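Colleague: after the sequence you'll find the predicted model.
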Amino acid sequence: MSVVHPVATVANGGAPGSTGGDGTNHKLDVSIWRGGKNGRFVSYGITLRESQTVLDVVTYIQRHVDSTLSYRFSCRVGMCGSCAMTVNGVSRWTCRTHVSEVVKDGRLEIAPLSGLEVVKDLSVDMTGFFEKWTRAKGAFVPGPGPSRDFAVVSPDSPQRRKVDAAIECIGCGVCYAACDVVSWNDDYLGPAALNRAWTLYNDVRDAGNDKRLAAVAGNVGCLSCHSQQSCVKWCPKHLNPTASIAGLKRATVKAALAGRL
Amino acid sequence: MAKPVARRNCRNHSNYWAFAVHRISGVVLVLYLPVHFYVIGLAIKSEAALQSFFSLAENPLVRLAETILIITFVIHVTGGLRLLLIEFLAWRDWQKTVIAVSGGISLAVGLVFLFNVF
Amino acid sequence: MKVRTETLLWLAQRLSAMVLVVGAIVHVSTNIYAVRGGLTAAEIIDRVHGSTAWLAFYLVFAAVAAIHGPLGLRTVLNEMTPVRGRAADLVALVLGVGILWLGWRAAFGLFG
């Protein structure tokens, strides 16, 4: 990691400005957000290496250029969802984003996720994000009485199939940061929390749906979604929160008409 | 909201543009509606009052504005139909097709109107 | 606003939208036909005058527009302007009543 190698080619062909074509060094101008809420972008010039991810670049700068740079990561392989940042204006997992995919004219801008309070540099406080999962009644509610045996949920049952993809959410916050409605309405629960509510709504073992529907209806919940689908576009796991929210819309309308809301 | 919200490029995709068109056309239409009804309401006074207003429509610029309004209306209706499909029916992966069809219908209706009005 | 009320308003906006889609098809096709050879007041009044079918159509069309438009504007106000909550409700209500009144006045005007 300590030696910077000049490379002849960049993975995936690279982008204009990042590839010399003549085998010379490929300089990368990296702008990184430094400080808290009132911070600023600071420029770092580094040499791009082959197959480097955005997280590799951040790590390189932290280890070799400025050890005071703060950021969050854990698994580095797209399993934990903790390294999400805003890269060239788009919220992404930095560990699964090759520089060559996003670099523009040899420049890379790395900012913390939007819609959340910045702790320092590239790390944000996820508290607001997860509080909304709680508000959306995103926890399983057991039915009355002790369960004597394992609940059998057939993988083929219609309700289970509705959430086949949705249950794969790992709560990285990319959709939340990409959503306009989140930025317009501080109380809006956001795509991830609503998607979570939809998975529990379809869980046959769960007994908390009346309260859950009341929590996700109205203008803090599913009815404020305008199907802009930035969540769908940028979800690193290719999930579809818009479809989950549409399901909740139908469920809350039914509940309202039946007087259960 | 934190300051470094540099997420400007999250919006650049077809469904977001469809949303933007729907919102802008919606605001234009809701502001136009009272004016439209007021003008037609001139008929309550006399046919001549209404006709004098329609005579303004002889102006090519007014006709062009009318055509743009028709396109705005149709694009809002077809785009709205797309939203109703998303919200009330099971999910389908033909979003971009629907957006294209809605834009196409709007332009076609606008053109038909344009040929008829001139 | 109560969650149930908010949900029913949302539904009202969607249901009015469905009616508007049907109305729009009738309205736009009539429109395109009417402007052939120039738009005249006489032509429109001739069509609607004394016709209960056209009167009913325009009364319903104006009414659903008066529901749909202001509810949409209310959402836009709440999301994008400082006019929020009660103030947005008031704007939507006044606009809704205004559109309904102007629309019905126009429909009855043409009916004669």
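Modeller: Yes, it's here. Keep in mind it's a predicted model, so treat the numbers as computed, not measured.
Colleague: average pLDDT across stretch C:30-46?
Modeller: Stretch C:30-46 comes out with an average pLDDT of 82.
Colleague: gap between it and the chain center?
Modeller: Centre-to-centre, stretch C:30-46 and its host chain are 21 Å apart (CA atoms, centre = their mean, to the nearest Å).
Colleague: what helix or strand is the most centrally placed residue in chain C on?
Modeller: When CA atoms, centre = their mean is applied to chain C, the residue found nearest the centroid is C:Ala65 (1.9 Å). Using DSSP states H and E, the element containing C:Ala65 is helix C:52-80.
Colleague: isn't the residue nearest to the centre of chain C right up against C:Leu102?
Modeller: No: using CB atoms under 8 Å, C:Ala65 is not in contact with C:Leu102, being 10.4 Å away. Every C-beta, even on glycine, is put in place using the N, C-alpha and C of the backbone.
Colleague: next, count neighbours for the nearest residue to A:Cys235 once chain neighbours are set aside.
Modeller: In this structure, A:Cys235 finds its nearest non-sequential neighbour in A:Cys175, 5.5 Å apart by CB to CB, 6 or more residues apart in numbering or on different chains. The local packing of A:Cys175 (other CB atoms under 10 Å in any protein chain shown) involves 31 other residues.
Colleague: how about C:Ala87?
Modeller: Neighbours around C:Ala87, by other CB under 10 Å: 14.
Colleague: OK, contacts around the residue nearest to it when sequence neighbours are not counted?
Modeller: Residue nearest to C:Ala87 in three dimensions, not counting chain neighbours: C:Leu77, with 7.8 Å by CB to CB, 6+ apart. Taking CB atoms under 8 Å, 6 or more residues apart in numbering or on different chains, we find C:Leu77 in contact with C:Val83, C:Arg84, C:Ala87, C:Ala88, C:Val91, C:Ala92.
Colleague: hang on, isn't A:Lys237 packed against A:Glu168?
Modeller: Yes: contact criterion CB under 8 Å: A:Lys237 and A:Glu168 qualify, at 5.6 Å.
Colleague: packing partners for the helix or strand A:Gly247 falls within?
Modeller: In this structure, A:Gly247 sits in helix A:241-257 according to DSSP H and E. Contact analysis of helix A:241-257 by 3 or more CB pairs under 8 Å, 6 or more residues apart in numbering or on different chains; DSSP states H and E lists helix A:191-201, helix A:209-216, helix A:230-234, helix B:60-88, helix C:3-34 as its packing neighbours.
Colleague: mind checking if the shortest one is in reach of chain B?
Modeller: Yes: Helix A:230-234 comes into contact with chain B when judged by CB under 8 Å from any CB of the partner chain, the residues involved being A:Ser230, A:Val232, A:Lys233, A:Trp234.
Colleague: just list the residues touching the last one, thanks.
Modeller: With contact set as CB under 8 Å, 6+ apart, A:Trp234 has these partners: A:Val90, A:Ser91, A:Arg92, A:Val174, A:Cys175, A:Ala178, B:Cys10.
Colleague: and the second one, what are its phi and psi?
Modeller: For A:Ser91, the backbone dihedrals are phi -80, psi 130 (criterion: degrees, to the nearest 10).
Colleague: for the closest residue to it other than its chain neighbours, what are its contacts?
Modeller: For A:Ser91, ignoring the flanking residues on the chain, the nearest one in space by CB to CB, 6+ apart is A:Ala177 at 4.1 Å. Residues near A:Ala177 by CB under 8 Å, 6+ apart: A:Ala84, A:Thr86, A:Ser91, A:Leu113, A:Ser114, A:Gly115, A:Leu116, B:Arg7, B:Cys10.
Colleague: can you check the pLDDT for residue 5?
Modeller: As the question left the chain open, I've gone with chain A. 35.
Colleague: sorry, I should have been clearer: chain B.
Modeller: As predicted, B:Val5 sits at a pLDDT of 48.
Colleague: cool, and A:Asp125?
Modeller: So A:Asp125 comes in at 97 (pLDDT).
Colleague: then A:Ala11?
Modeller: As predicted, A:Ala11 sits at a pLDDT of 37.
Colleague: weakest of the helices and strands packed on helix A:241-257 by average pLDDT?
Modeller: Set side by side, the helices and strands packed on helix A:241-257 differ in mean pLDDT, and helix B:60-88 is lowest with a mean of 90.
Colleague: next, the angle from that helix to helix C:3-34.
Modeller: 140 degrees (axes from the mean of the first three to the mean of the last three CA atoms, to 10 degrees).
Colleague: does helix B:60-88 reach chain A?
Modeller: Yes: contact of helix B:60-88 with chain A (CB under 8 Å from any CB) involves B:Leu83, B:Ile86, B:Glu87, B:Phe88.
Colleague: let me have the residues you listed in TSV, extended by neighbour count and distance to A:Ser154.
Modeller: Formatted as TSV, the residues of helix B:60-88 next to chain A follow (neighbours: other CB atoms under 10 Å in any protein chain shown; distance: CB to CB, whole Å):
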residue	neighbour count	distance to A:Ser154
B:Leu83	18	33
B:Ile86	21	28
B:Glu87	21	28
B:Phe88	13	27
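Colleague: can you name the element that comes right after the helix holding C:Ala65?
Modeller: helix C:86-111.
Colleague: got any ranges where the stretch 1-150 of chain A has weak pLDDT?
Modeller: Within the stretch 1-150 of chain A, the segments meeting pLDDT under 70 span A:1-25.
Colleague: one more pass at 50, please.
Modeller: A:1-24 (pLDDT under 50).
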